[in-house]
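Enquirer: Sequence and computational prediction follow.
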Amino acid sequence: MSTVIKRANQLRGAELLKGDGWNPLSWNQKEIEQLPAYPDTDKLQSSFDELKSLPPLITSWEIEALKEKLAHAADGRSFLLQGGDCAETFDSCTSVKLVNSLKVMLQMSFILIHEMGIPIVRVGRVAGQYAKPRSNDYEVVDGEKMMNYRGDLINSFMPKVEARLPDPDRLVEAYQKSALSLNFLRALSDEGFADLQHPEQWELDFMQNNEFYEEYEQMVNSINKAIKFMDAITPNRLNTSHKVDFYTSHEALNLFYESAQTRKVPRKTGWFNLSAHMVWLGNRTQQLDGAHVEYLRGIQNPIGIKVGPPFDIDNNLAILDKVNPNHEAGKIVLITRMGHEEVSKYLPSYIRAIKRSGHPVVWSCDPMHGNTYSTGNNVKTRRFDDILQEIRDTFSVHRSEGSNLGGVHLELTGDNVTECVGGANGLNEEGLSSNYETYCDPRLNYEQSLEMAFLVAKEWNKSQK
Ligand code: PEP
Ligand code: CO
């Protein structure tokens, strides 16, 4: 059963915003999907007010810089690597997890830079990816019916009726955890970068039985040589002269969280969501006259839009007209997530329709969300080969349509989890239970992520011939 469309709790100020004008709370007058009602509106109001008064996590000029870089990804001058957890949790805000996630994203980006020879735009699903859409509003645990877990931003994973109620305190806690994560990620990418890319940090053994091992080893050696070279010619350390850019993103799902952090900035026009550099519209909140589209039409940030079954091309085109009426370059990333069996069926006509509309978009491929299945033991997983197949087919359709695939969107972690099957290490379904951590969707682990980066680069190169 899908969530019934309804109004969210009404906050003060929202009722004054009549007419067509936009402001950060105008969405509050629209019907909304995927956001359950908070039991106590007064408590929600005070958390919202508190969040609204706190300093922003990021700046408007970083948002503008990302938009500019994305404009380059649209026509193949750079490539977008967006990746991270399906859902971050408050408990996963730890040193080890953040180091590992930055490390895997950096190493993947080095592989892509090395193989493709163009800049890579790194965008983490991190520092705010705390809210999840769900297919069912409720579940039954040990005979008791309770609300489904919707991510730490909304309720607790603990299977208790009370714990599953939406809790407004979580708005501020999510902000705090995001701030802590971002603070550490910024420090690492400014100063600790040299340690993260040190040769010993590349764990390669898993590739040994793979057909590409030699090629892979040569590539890593050559990356390390290049890094040493840069280190030698910039003796005050690579990081000071070549600070790595790392951007953040999350799904704009809980609009109380988003709108409390949507601000005006001195000397600039428009409103900025200062909780993340980029936010995206999920596959289930695309109602043209609904709250999520209403909110997104008013912000300056780059916006991702998931595109997957069930398809409604006209609805998608109307969303584009609403959120990017001036056809701004670098503003929209269309993230297709069709499932590996559906790409050739849906993508060609979709690409043609977007082309005809004249909307400038960055095409990205999310090969994860259309390829989830459950094993006989009811464990949610994805096959490495299906993920790769979707990437290959997506590249190939773009090639034949004369358009450009400008990025990938992956659920991954730098940890050695066992959540997706396949890859050079040959993880099988029996092995999934050994380190299965996710509360939500299965992620590629460290090794699978590096291998995938390598294979993505190979596919991209085919498109350049
Ligand atoms: C996600 O990216 O975690 C997600 C839920 O994706 P989608 O909206 O495409 O299903
Ligand atoms: Co997911």
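Expert: Noted; the coordinates are in hand. Ligands and ions are numbered 1, 2, ... in the order given.

Enquirer: Can you pull the residues of the stretch 151-300 of the chain lying near ligand 2?
Expert: Counting by C-beta under 5 Å from the ion, no residue of the stretch 151-300 of the chain lies close to ligand 2. C-betas here are computed from N, CA, C, even on glycine.

Enquirer: His72 against Leu80, yeah?
Expert: No. Counting by C-beta atoms under 8 Å, His72 does not reach Leu80; the two are 9.6 Å apart.

Enquirer: quick one, which of these two is more surrounded?
Expert: More crowded of His72 and Leu80, by other C-beta atoms under 10 Å: Leu80, with 29 against 19.

Enquirer: That one belongs to a strand?
Expert: Yes. Counting by DSSP: H, G, I helix; E, B strand; the rest coil, Leu80 is found in a strand.

Enquirer: on that earlier part again, residues that sit against both of His72 and Leu80, list them.
Expert: For the pair His72 and Leu80, residues contacting each of them under the criterion C-beta atoms under 8 Å, 6 or more residues apart in numbering are Val121.

Enquirer: Where do the strands of the stretch 1-150 of the chain begin and end?
Expert: The residue ranges that make up the strands of the stretch 1-150 of the chain, judged by DSSP state E, counting those that start in this stretch, are 6-7, 31-32, 79-84, 120-125, 138-141, 144-147.

Enquirer: Output these in CSV; the columns should cover mean pLDDT and distance to His340.
Expert: Compiled in CSV, the strands of the stretch 1-150 of the chain are given as follows (pLDDT from 0 to 100; distance: least, C-beta to C-beta, whole Å):
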stretch, mean pLDDT, distance to His340
strand 6-7, 88, 35
strand 31-32, 96, 32
strand 79-84, 98, 18
strand 120-125, 98, 21
strand 138-141, 97, 28
strand 144-147, 98, 33
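
Enquirer: can you tell which of those strands is closest to Glu251?
Expert: With distances scored as C-beta to C-beta, the stretch of these nearest to Glu251 is strand 120-125 (8.4 Å).

Enquirer: so does the closest one get close to ligand 1?
Expert: No. Under the criterion of C-beta under 6 Å from any ligand atom, ligand 1 is not reached by strand 120-125; the shortest gap measures 7.5 Å.

Enquirer: Taking the stretch 301-450 of the chain, what residue is nearest to ligand 2?
Expert: Checking the stretch 301-450 of the chain residue by residue against ligand 2 with C-beta to the ion singles out Asp441 as nearest, at 3.5 Å.

Enquirer: Correction: the previous question concerned the stretch 51-200 of the chain.
Expert: Scanning the stretch 51-200 of the chain for the residue nearest ligand 2 gives Cys86, at 3.4 Å (criterion: C-beta to the ion).

Enquirer: pLDDT below threshold where in the stretch 51-200 of the chain?
Expert: Using pLDDT under 70 as the threshold, the predicted model of the stretch 51-200 of the chain has low-confidence ranges 191-200.

Enquirer: where do the helices sit along it?
Expert: Secondary structure of the stretch 51-200 of the chain (DSSP state H, counting those that start in this stretch): helices at 60-74, 95-116, 169-187, 193-196.

Enquirer: what does this protein have sitting close to ligand 1?
Expert: Taking C-beta under 6 Å from any ligand atom as the contact definition, the chain meets ligand 1 at 86, 133, 282-284, 306, 308, 337, 369.

Enquirer: try it again with 5 Å
Expert: On the criterion C-beta under 5 Å from any ligand atom, ligand 1 has as its neighbours in the chain the residues 86, 282-283, 306, 337, 369.

Enquirer: could those go into JSON lines alongside neighbour count and secondary structure?
Expert: Supplementary listing: the residues of the chain next to ligand 1 in JSON lines, determined by neighbours: other C-beta atoms under 10 Å; DSSP: H, G, I helix; E, B strand; the rest coil:
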{"residue": "Cys86", "neighbour count": "21", "secondary structure": "coil"}
{"residue": "Gly282", "neighbour count": "21", "secondary structure": "coil"}
{"residue": "Asn283", "neighbour count": "19", "secondary structure": "coil"}
{"residue": "Lys306", "neighbour count": "21", "secondary structure": "strand"}
{"residue": "Arg337", "neighbour count": "22", "secondary structure": "coil"}
{"residue": "His369", "neighbour count": "20", "secondary structure": "coil"}
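
Enquirer: Closest one to Asn416 out of these, please.
Expert: Sorting the residues of the chain next to ligand 1 by distance to Asn416 puts Cys86 at the head of the list, at 17.0 Å, by C-beta to C-beta.

Enquirer: Figure out which of the helices of the stretch 51-200 of the chain is closest to Glu419.
Expert: Here helix 95-116 is closest among the helices of the stretch 51-200 of the chain (C-beta to C-beta), at 14.1 Å.

Enquirer: Thank you, goodbye.
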